[in-house]
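Asker: Predicted model and sequence below, questions to follow.
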Amino acid sequence: MVEQEPEGRVPFVRRSAPPVVLFVVLAAIGLVLNGSRLGLDLAGGRLLPVGDLGRMWSMYLAGWHPVGGGTASAAPASLAVLGIVGAIFTPIGGPAALVAILLIGDAAFAGLSAYAATRRLPVSRWVRAAVSAGYGLLPAATASVAQGRFDVVAVHILLPLVISGIAALLARTGRRWLHASSWCAVGVALLGAFSPLAHGLALLGLVAGFVVLPPVDGLLRRIGSVGIVVLLPLALLLPWPTVLVNEPALFLHGLSGPGAAPAAADLAGLDPGGVGAWPIGVLVIVVALAAVVMRPRALLSPGLGVLVLGVLGLVIVLLVPVAPLQGTGTATGFTGVPLLVISAGLLWIVLSASQAPAGGSLLPKLAAVVGVLLIAALGTGAVIAGRGGPLHSGGGDKLAATQADELARTGRSVVVVGSGDEVTKQTSGALPQYGDDQLALTPSTPARLLSWQNAFLQPSSGATRAALSGAAASGALFVVLPQGEQASTVVALAPDLAVAAQPTADGRAVLRLLAPSGQAVLVPPTVAKQAVTSSAPSSTAGVSPVDATLPDVHVRVSEGMAGRLLVLSAEQEAGWQATVDGKPAPIVPAWGHQVAVSVPTAQSDVLVEHPSTLRDVLLLVQVAAVLFAALTSVPGPSRLR
């Protein structure tokens, strides 16, 4: 006599088979389509080289950043997330290895996330696995990987879990409502750390569900849960939300910047445009429509609400162009995040249709065949189209070892001239890295960097000399020209201001600036008159670098002539303070955009600093929010009935 298993119990092998098969298949597809970029140091496209663990935390905790001439903008919260999770991967490369693993394994991780998020649905495990595979191979995701849009990839992985958490919270709060609310808030915060747009859509769906759906376990608990999910993520992301209020580009363009407006055919195929995907997502729409036709009640599922949220986000991104965070003009955002939300809603409708009892023996078999064909089509499109794109292994551009050491030692900056869609960047101590392009610069900086870019790409005697002298006055030591540009053309116009230096590892020409400069310089009266009236120096006679480190400069100047200036390689913005012999002194703009202080004739102590008291307070609030989330996320002991 054979003993049968109790009803409702499933053997472990049968229970684990669908997710194992799902992960293995998607991981194999991910390795194939990323075969040319396998490595633990990916960069290219919208992804700058990822720094080590120390840089992640130092940049996140700093109150002032030497990017674009200097800015007091708060660093994105994604740096803290990579700093925390990246610590686990320290033996194999830290945050850089984490980013590479997530990009290469995006399809597999997103598929597992979708499978785990649907665990409470009364649907066959193999159906859930099939739908999750379709979610992992969405065109918006493969395009984001190929283009180096790590923020959209992070949303792709986190989105199913956040949607599931919000839906569970609205359906039933339960006795452990605080525990569930805290976990949901943490998920929303992680989502918001990489995509403010996805964060906003999640909160909009939460509030809409709170208004529309009747309370199940008491109104007070439900209000408390919604309040925690709305407010706690904002506290966990501090102080970055203070920047989002003033920078709509971060909300509409995301961390990876704007994107080219996709064609109507691309949008119909759930393709955000650009390289890395085919508009084959139209098959997902067709399958969802077929599911609705066969099971009309599927439209009553929450998937329709998610679909509407995605459409709303898509309309906002396409119809509201804004100035890029570090660029000029206006542009529309990349549609990857809204298309992921739309796709999640469509697949949820398909799952809802699968919950209904089968009407006959033929329909389930037909659905299985359609599911296999859909996964095969999405996988084929991902493998063929996703292999292209600018993302590559080996990291980004590298300066010669002696040049990199000199930058790190002196703290001087390097200007990387952009071309085409790339904007010109100025960073101190090293070439641009992940997080540098996500800082809000001072209002005048993008236009100044664009003028330098035009002067280097279209050399002329006056404009090029002004760009070289202006870059040197702002603390730059090297200028990296775009691929194909020759240093000799610029040097011929200003041999007294720049010389050709050793090119980068990938062959880009490098200029070394000759004018005396540093993080702080003492300017004589003759040049000081130019500094307060001109945008670039025509002479550097008598300019002497000062041994100082930004942002807090404390120097003792000797006796000298009246009219001297202490000029910092920092952009003038609110918050700078100066004292001379302990007495407040006014900040004087030098070259129209840099911080300067008038120096008296007598020997004196000059202190110029940029306090970050408010940021320190906000960080303390963030620490308190982290402690609250950690304590409330732990479930209390269950009470036996």
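Answerer: Looks like it arrived, so ask away. This is a predicted model, so every value here is computed, not measured.
Asker: State the distance from residue 166 to residue 187.
Answerer: 9 Å (C-beta to C-beta, to the nearest Å). Any C-beta I mention is one placed from the backbone N, CA and C, and that applies to glycine too.
Asker: quick one, which of those two is more surrounded?
Answerer: Remark: of residue 166 and residue 187, residue 166 carries more neighbours, 24 against 21, as counted by other C-beta atoms under 10 Å.
Asker: host element of the residue lying closest to the more buried one once chain neighbours are set aside?
Answerer: Of all residues not flanking residue 166 in the chain, residue 206 sits nearest, at 5.2 Å (C-beta to C-beta, 6 or more residues apart in numbering). In the assignment (DSSP states H and E), residue 206 maps to helix 196-212.
Asker: Output that helix as PDB, nothing but the C-alphas.
Answerer: Extracted C-alpha coordinates of helix 196-212, given in PDB (Å, rounded to 0.1, in the frame of the first residue of the first chain):
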ATOM      1  CA  PRO A 196      12.100  58.700  -8.800                       C
ATOM      2  CA  LEU A 197       9.500  58.200 -11.600                       C
ATOM      3  CA  ALA A 198       8.900  54.600 -10.500                       C
ATOM      4  CA  HIS A 199       8.800  55.800  -6.900                       C
ATOM      5  CA  GLY A 200       6.100  58.400  -7.800                       C
ATOM      6  CA  LEU A 201       4.000  55.900  -9.800                       C
ATOM      7  CA  ALA A 202       4.200  53.400  -6.900                       C
ATOM      8  CA  LEU A 203       3.000  56.000  -4.400                       C
ATOM      9  CA  LEU A 204       0.200  57.100  -6.800                       C
ATOM     10  CA  GLY A 205      -1.000  53.500  -7.100                       C
ATOM     11  CA  LEU A 206      -0.900  53.100  -3.400                       C
ATOM     12  CA  VAL A 207      -3.000  56.200  -2.700                       C
ATOM     13  CA  ALA A 208      -5.400  55.400  -5.500                       C
ATOM     14  CA  GLY A 209      -5.900  51.900  -4.100                       C
ATOM     15  CA  PHE A 210      -6.400  53.300  -0.600                       C
ATOM     16  CA  VAL A 211      -9.200  55.600  -1.900                       C
ATOM     17  CA  VAL A 212     -10.900  53.000  -4.200                       C
END
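Asker: contacting residues for the residue nearest to residue 142 when sequence neighbours are not counted?
Answerer: Leaving aside its sequence neighbours, residue 142 sits nearest to residue 386 (C-beta to C-beta, 6+ apart; 4.0 Å). Residue 386 makes contacts with 33-34, 142-143, 145-146, 276-277, as judged by C-beta atoms under 8 Å, 6 or more residues apart in numbering.
Asker: These in strands, which ones?
Answerer: Counting by DSSP state E, no part of the contacts of residue 386 is found in strands.
Asker: out of those, which is most surrounded?
Answerer: residue 142 (35 neighbours).
Asker: What residues does that one make contact with?
Answerer: 33, 107, 276-277, 381-382, 385-386.
Asker: Scan the chain for its longest helix.
Answerer: Across the chain, the longest stretch assigned as helix under DSSP state H is helix 362-385.
Asker: List the buried residues for that one?
Answerer: With burial defined by 16 or more other C-beta atoms under 10 Å, the residues of helix 362-385 counted as buried are 367, 370-371, 374-375, 377-379, 381-383, 385.
Asker: Export these to CSV and append columns for pLDDT and distance to residue 281.
Answerer: As requested, these are exported to CSV (pLDDT from 0 to 100; distance: C-beta to C-beta, whole Å):
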residue, pLDDT, distance to residue 281
367, 69, 19
370, 77, 15
371, 77, 15
374, 86, 10
375, 87, 13
377, 89, 10
378, 89, 8
379, 89, 13
381, 88, 9
382, 88, 11
383, 90, 15
385, 88, 12
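Asker: Please render the residues you listed as JSON lines that adds distance to residue 518 to the earlier fields.
Answerer: Formatted as JSON lines, these follow (distance: C-beta to C-beta, whole Å):
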{"residue": "367", "distance to residue 518": "69"}
{"residue": "370", "distance to residue 518": "67"}
{"residue": "371", "distance to residue 518": "64"}
{"residue": "374", "distance to residue 518": "61"}
{"residue": "375", "distance to residue 518": "59"}
{"residue": "377", "distance to residue 518": "59"}
{"residue": "378", "distance to residue 518": "55"}
{"residue": "379", "distance to residue 518": "55"}
{"residue": "381", "distance to residue 518": "53"}
{"residue": "382", "distance to residue 518": "50"}
{"residue": "383", "distance to residue 518": "52"}
{"residue": "385", "distance to residue 518": "49"}
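Asker: Now do the helix or strand of the chain with the lowest mean pLDDT: which elements does it pack against?
Answerer: When each helix and strand of the chain is scored by mean pLDDT, DSSP states H and E, helix 362-385 comes last, with a mean of 80. Applying 3 or more C-beta pairs under 8 Å, 6 or more residues apart in numbering; DSSP states H and E, one finds that helix 362-385 makes contact with helix 12-33, helix 125-136, helix 139-146, helix 282-294.
Asker: who touches the second one?
Answerer: By that I understand helix 125-136. By C-beta under 8 Å, 6+ apart, helix 125-136 touches 15, 17-19, 21-22, 25-26, 106-112, 114-115, 118-119, 121, 160, 284, 343-344, 347, 350-351, 354, 368, 371-372, 374-375, 378.
Asker: CA-only coordinates of it in PDB, if you can.
Answerer: C-alpha atoms of helix 125-136 as PDB (Å, rounded to 0.1, in the frame of the first residue of the first chain):
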ATOM      1  CA  ARG A 125       3.700  27.200 -11.000                       C
ATOM      2  CA  TRP A 126       4.600  26.500 -14.600                       C
ATOM      3  CA  VAL A 127       2.200  29.300 -15.800                       C
ATOM      4  CA  ARG A 128       3.900  31.700 -13.300                       C
ATOM      5  CA  ALA A 129       7.300  30.600 -14.500                       C
ATOM      6  CA  ALA A 130       6.300  31.200 -18.200                       C
ATOM      7  CA  VAL A 131       4.900  34.700 -17.400                       C
ATOM      8  CA  SER A 132       8.000  35.500 -15.300                       C
ATOM      9  CA  ALA A 133      10.200  34.400 -18.200                       C
ATOM     10  CA  GLY A 134       8.300  36.800 -20.500                       C
ATOM     11  CA  TYR A 135       8.800  39.600 -17.900                       C
ATOM     12  CA  GLY A 136      12.500  38.900 -17.700                       C
END
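Asker: which parts of that helix are buried?
Answerer: 125, 127-136.
Asker: Tell me how far that helix lies from the chain's centre.
Answerer: 28 Å (C-alpha atoms, centre = their mean, to the nearest Å).
Asker: any idea of the angle it forms with helix 139-146?
Answerer: Using axes from the mean of the first three to the mean of the last three C-alpha atoms, to 10 degrees, one finds that helix 125-136 and helix 139-146 are set 50 degrees apart in direction.
Asker: How about the spatially most central residue of the chain: what's its closest non-neighbour residue?
Answerer: The C-alpha lying nearest the average C-alpha coordinate of the chain belongs to residue 255 (C-alpha atoms, centre = their mean; 3.2 Å). The shortest distance from residue 255 to any non-neighbouring residue, by C-beta to C-beta, 6+ apart, is to residue 151 (4.0 Å).
Asker: The host helix or strand of that neighbour: which residues count as buried?
Answerer: In this assignment (DSSP H and E), residue 151 forms part of helix 150-171. Going by neighbour count (16+ other C-beta under 10 Å), the buried part of helix 150-171 is 150-170.
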